[in-house]
Structure formats: C-alpha cells, structure tokens
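S.K.: prediction below, plus the sequence it came from.
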Amino acid sequence: MSGSEGGSSGHSAAGDAPSSAAAASERDKKKEKARVSRTSLILWHAHQNDAAAVRKLLEEDRSLVNARDYDNRTPLHVAAIHGWIDVAKCLMEFEADVNAQDRWKNTPLADAEGAKRSRMIELLKSSGGESYGQNGSHFEPKPVPPPLPNKCDWEIDPTELDFSSSTLIGKGSFGEIVKAGWRGTPVAVKRILPNLSDDRLVIQDFRHEVNLLVKLRHPNIVQFLGAVTDRKPLMLITEYLRGGDLHQHLKGKGALNPSTAINFALDIARGIAYLHSEPNVVIHRDLKPRNVLLVNTNADHLKVGDFGLSKLIKVQHSHDVYKLTGETGSYRYMAPEVFKHRKYDKKVDVFSFAMILYEMLEGEPPFSNYEPYEAARHVSEGHRPLFRAKGFIPELRALTEECWSADTNKRPAFLDILKRLEKLKEMLSSDHHWHIFTS
C-alpha cells in the first residue's frame, strides 16, 4: 500500500515538473518585461519632474532608484541636471546612490555643477555628494580638447558656409540638419542648438561623432567633409545626397521589387560590413531607413549615415561581446537584446538590417500597427513581422529570418550576407529564374 502511494506520488511530481518549469519561465519573462518597462518609466518620470509618479514606482520596486539608461545615467543624474529638487529628494529618500557615475564618470553633483543648478548642488552636497567627471569642479579649469591633434586638416571656417538658401533636412533634440553651401558645393550641415553649445555632454557626443567620421572612408558610407569645433554653434559637415532617405523613398514607392530590394540591401550590407571589419569595429546601433540615404533621385546607390550613436571598439578577440547595454537607437528596428538591457555585440546591426529588408519587401515598417516602443517590446517577447507580400524569393525570406533570429549566434555576419545577396542577384539576372517566386 505504502509502495503504491509512493509510486503515485512520484508519478505526480514528475508529471508536474515540466508544467512548473514552464510556469516559472513565464513568470521570469513577465518580470523581465516589467523590469525593462519600469526602468524606462522611472527615467522618463524623473525627466518630466513628476515626483509623484517616481514615488509610486519606487514604492512598487525600491531597486528602481538606481536604474540605469544606456549611458549608465540614473534617475538622480536626470533630476540633478534639470534641477528637479522634489524628484531628487524622493530618490534620496529611497536611498539613491548619490555618487553613482555615468559612462562619462560624472556624478549627479558634477552634472548639477555643469548645469549651474545652485539649489541642487547644495542638496547633493548636504547628502554626501562628491564632484567627479567631465562636468565636475575637479575638471572645470581644463578646456575640452579638440577631437584630433591634426584637426587643421578638416576644421572648417564657418564663414565659408553659405546658409542664404538653406533648407531644413531634419531635426532632433540636440540640433538640426540643414542643406547649405560650402565653396560652391551643396553640403549637409549638422548644427548643434545654440542653447546646448555649452553642455559638456552634448559637446562630448558631438566630438565623439567627429572622431569617428574622420576615420571612415567607403563608397557606401556618407562622406565626412569637416567640422566647426572652434566656434559656436558646433557644426558637422558631410556630403549632401540629393535622393533623400530610404524612409521617404519607401513611403512614396511602397514595396520594392525583389531585384531592387537586393540591390539596396547590397549597398547597406557593404557599408556595414566595412564598419564591422576588425580590429576597429564600429557598431552603428541606429540602423534604420531614415539613416540610409539615396545618392540621387534615380535611387541607384545608397549610403549609410548618422553615426551619432555609433561605437568604435578595438576587438581583442573575434567573438568579443561588448559591454554595451541599454535602449540605444530607434525602437522599431531595435534588437531584442538591446531593448532588454543585455550585453550585445555587432549582431544588433544584423537584426536592424533584417527589419529594413522586410520593410523594403513589404512596403511598410515592421509592426506598423504598433507604436515604436510597443513594437520593440513585442519583438523582445519573441514575435517577428509576418510576410504578407506575394512574390517572396524563399532564399531572401530565409536570410531575413536568420538575420532577426533571437539567438545572436545564428545571425550571419555581413560578409556572409553579402555573398548570399550576390548569389541571389546573379540568380535574378536571368529571366528563366523568375519561376522561383512563391504565389
């Protein structure tokens, strides 16, 4: 009798194990999703000076007090630089790390000093805050150095820039991009907003981008021409491409035929393969249709641009995973590991490339019925866009699916992507191969 009961009990436990494991896995997924969402929320509410919303989140999860964004900045950094006293007091009440350092090694007090927030400086000092980092008083007497010692090669005299018939190309939180003239040639000028020209964090990011662009030379990378770093406003000058960006092109044209899509994909892949070449790997981190530019209105040549979020990394080993975390880039094209604040490598650009390839073939952005943030969350949960367009080449669909694989090891490198796209191009060059399309 007891043996029978023992057997019955053992059978029940074995039967329940997979179910329990699945339930635990599901709970973990939900926790991870909630965690990512709340990290973004507390940083957002701190930025909006909403102390009540910050408090509510902290009452639910005290660990959020030291949440980090992709620049390693905490909610207290955000409150300090804006001078939001009530938010800062709330954060310190929940034992925020008053001397947390961001990726520039700035403490909240250093940020407050850089932004000249006198009340915030007083509050942070009274709570044990110390001033370290590029913004801090320890470094205040030192001028910000130019990006490169030989900058005379590319430093542009702003009086040579002609804005008399300039047109706005794009606008962002830190500045604007305008079409202007330089020595009789149309150029694109990225101009930092005057009110941010003294912001050391903005200056650092601007000079980082200049530093990077100076090193890049490739037919599928937007060509850097020079920069204004000696006077305000700070400006970055690149070649002007008349065809506009891929986003606008797809908006007007809709789905591209497979042959055109492959030609476009080849140009993008060539540019990124160059960036990913070792030992100096550049991860773009914001690959999307708006950052892919058409050289002319004939749309026969593409270039990759906008390196504001790119990272240059010296690779020691070919399989290095870089310690880059956080939500960097545009949500709709963002790799799931970035959205989840996990370590990632250059395969994030492969994922974004897949989403662009899908958009070129479908004629609409991936998960166009979702808001960008919700689309990224949907992707992080394992979902991928559905192929609806007729006439897909099976090999092209298979390549797209590999490139957006959740397992980064299954995503091919861009040199492999190029070989496969070249084969597909050859296959399409002969009329008798068109029967391979699926209906």
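M.R.: The structure has been received and is ready for your questions.
S.K.: ranges for the helices of the stretch 201-350 of the chain?
M.R.: 246-253, 258-275, 336-339, 347-362 (DSSP state H, counting those that start in this stretch).
S.K.: hey, least reliable of those helices by pLDDT?
M.R.: Looking over the helices of the stretch 201-350 of the chain, mean pLDDT reaches its minimum on helix 336-339, with a mean of 89.
S.K.: want to throw the helices of the stretch 201-350 of the chain into CSV with distance to residue 206?
M.R.: Using the backbone N, CA and C atoms, a C-beta is placed for each residue, glycine as well. Below are the helices of the stretch 201-350 of the chain laid out as CSV (distance: least, C-beta to C-beta, whole Å):
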stretch, distance to residue 206
helix 246-253, 24
helix 258-275, 20
helix 336-339, 23
helix 347-362, 22
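S.K.: out of these, deepest packed?
M.R.: The highest mean neighbour count among these belongs to helix 347-362 (a mean of 25), with neighbours defined as mean count of other C-beta atoms under 10 Å.
S.K.: other SSEs contacting the helix or strand that comes right after it?
M.R.: From helix 347-362 onward toward the C-terminus, using DSSP states H and E, the following helix or strand is helix 372-380. Packed against helix 372-380, as judged by 3 or more C-beta pairs under 8 Å, 6 or more residues apart in numbering; DSSP states H and E, are the following elements: helix 2-47, helix 336-339.
S.K.: now residue 105, what's its secondary structure?
M.R.: Following DSSP: H, G, I helix; E, B strand; the rest coil, the label given to residue 105 is coil.
S.K.: and of the helices of the stretch 201-350 of the chain, who's closest to residue 379?
M.R.: Taking C-beta to C-beta as the measure, those were each checked against residue 379, and helix 336-339 came out nearest at 5.4 Å.
S.K.: now do residue 371 against residue 246, distance only.
M.R.: Residue 371 sits 21 Å away from residue 246 when distances are taken as C-beta to C-beta, to the nearest Å.
S.K.: if you could redo that for residue 385, that was the one I meant.
M.R.: Taking C-beta to C-beta as the criterion, residue 385 is separated from residue 246 by 17 Å.
S.K.: then residue 382?
M.R.: When distance is defined by C-beta to C-beta, residue 382 is 27 Å away from residue 246.
S.K.: do residue 179 as well
M.R.: 18 Å.
S.K.: give me the residue ranges of this structure where confidence is low.
M.R.: Counting by pLDDT under 70, the chain contains low-confidence residues at 1-36, 70, 134-152, 172-173, 308-329, 391, 430-439.
S.K.: show me how it divides into domains.
M.R.: For the chain, the domain assignment from automatic domain parsing gives the residue ranges 23-126, 154-239, 246-436.
S.K.: output the ones you listed in TSV, with distance to residue 133 appended to each entry.
M.R.: Listed next are these as TSV, based on distance: least, C-beta to C-beta, whole Å:
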stretch	distance to residue 133
domain 23-126	3
domain 154-239	9
domain 246-436	18
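S.K.: so for residue 132, which of those sits nearest?
M.R.: Of these, the one closest to residue 132 (C-beta to C-beta) turns out to be domain 23-126, at 5.0 Å.
S.K.: identify the residues contacting the spatially closest residue to residue 101 that is not a sequence neighbour.
M.R.: With C-beta to C-beta, 6 or more residues apart in numbering as the criterion, residue 101 has its nearest non-adjacent residue at 5.8 Å, and that residue is residue 107. Contacts here follow C-beta atoms under 8 Å, 6 or more residues apart in numbering; on that basis residue 107 touches 98, 99, 100, 101, 129, 130, 131, 132, 133, 136.
S.K.: wait, which of these is closest to residue 169?
M.R.: Within the contacts of residue 107, proximity to residue 169 (C-beta to C-beta) peaks at residue 133, which comes in at 33.6 Å.
S.K.: setting aside sequence neighbours, what's the nearest residue to that closest one?
M.R.: Closest to residue 133 by C-beta to C-beta, 6+ apart is residue 106, at 3.1 Å.
S.K.: that neighbour: neighbour count?
M.R.: Taking other C-beta atoms under 10 Å as the neighbour definition, residue 106 ends up with a count of 30.
S.K.: shouldn't it be in contact with residue 132?
M.R.: Yes. Here residue 106 lies in contact with residue 132, judged by C-beta atoms under 8 Å, at a distance of 7.1 Å.
S.K.: quick check: buried residues in the longest strand along the chain?
M.R.: Among the elements of type strand in the chain, defined by DSSP state E, the one spanning the most residues is strand 161-171. Buried residues in strand 161-171, defined by neighbour count with 16 or more other C-beta atoms under 10 Å: 161, 169.
S.K.: all further residue positions should be reported with the first residue as 31.
M.R.: Got it, the first residue is 31 from now on, which makes the last one we talked about strand 191-201.
S.K.: for that strand, name the packing helices and strands.
M.R.: strand 205-212, strand 215-222.
S.K.: got JSON lines for the ones you listed, with mean neighbour count and distance to residue 289 too?
M.R.: JSON lines is the format used below for those (neighbours: other C-beta atoms under 10 Å; distance: least, C-beta to C-beta, whole Å):
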{"stretch": "strand 205-212", "mean neighbour count": "19", "distance to residue 289": "31"}
{"stretch": "strand 215-222", "mean neighbour count": "20", "distance to residue 289": "29"}
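S.K.: could you save the ones you listed as a markdown table and add columns showing distance to residue 148?
M.R.: Supplementary listing: the helices and strands packed on strand 191-201 in a markdown table, determined by distance: least, C-beta to C-beta, whole Å:
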| stretch | distance to residue 148 |
| --- | --- |
| strand 205-212 | 28 |
| strand 215-222 | 25 |
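S.K.: between the ones you listed, which gets nearest to residue 394?
M.R.: Ranking those by their distance to residue 394 (criterion: C-beta to C-beta) puts strand 205-212 first, at 25.3 Å.
S.K.: same for that closest one, what does it pack against?
M.R.: Helices and strands in packing contact with strand 205-212 are listed as strand 191-201, strand 215-222; criterion 3+ C-beta pairs under 8 Å, 6+ apart.
S.K.: now distance to residue 95 too, for the ones you listed, in JSON lines please.
M.R.: Below are the helices and strands packed on strand 205-212 laid out as JSON lines (distance: least, C-beta to C-beta, whole Å):
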{"stretch": "strand 191-201", "distance to residue 95": "34"}
{"stretch": "strand 215-222", "distance to residue 95": "32"}
